[in-house]
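Q: Sequence and predicted structure, then a few things I'm wondering about:
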Amino acid sequence: MAKYSLVGQDGNAFAIMGYTARALKNEGLRDLVPQMQKEATSGDYNNLICVCDRYLDKANEAAGDVEKD
């Protein structure tokens, strides 16, 4: 199971972005936060979910927690 996941998180858009930002910061990827926020707010809620999920994948990779298919 991945260290960071949107499953079970608060569904509020700001909470999701905050969770994603904290995950990036915790894994030493602080420089990605402004870009994530820009991309996440550039569309609708579905866009926000997709963008945050993609950045959480980056945080999981940095944490060495990558699921093998």
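A: Nice, I can see it. Numbers count the residues shown, from 1 in each chain.
Q: From now on I want contacts and neighbour counts done on CA atoms only, so please keep to that.
A: OK.
Q: so where is this protein shaky, pLDDT-wise?
A: Filtered on pLDDT under 70, the chain yields the residue ranges 1, 66-69.
Q: try it again with 90
A: Confidence mapping of the chain against pLDDT under 90 gives the ranges 1-2, 65-69.
Q: helix/strand/coil for the residue nearest to A2 when sequence neighbours are not counted?
A: Ranked by Cα to Cα, 6 or more residues apart in numbering and with sequence neighbours excluded, the top spatial neighbour of A2 is D65, at 5.8 Å. Following DSSP: H, G, I helix; E, B strand; the rest coil, the label given to D65 is coil.
Q: tell me how far stretch 9-25 is from the chain's mean position?
A: 7 Å (Cα atoms, centre = their mean, to the nearest Å).
Q: ok so, going back, tell me how many other residues surround the residue nearest to A2.
A: A count of nearby residues for D65, using other Cα atoms under 10 Å, gives 15.
Q: so it sits right up against L56, yeah?
A: No: under the contact definition of Cα atoms under 8 Å, D65 does not touch L56, with a separation of 10.8 Å.
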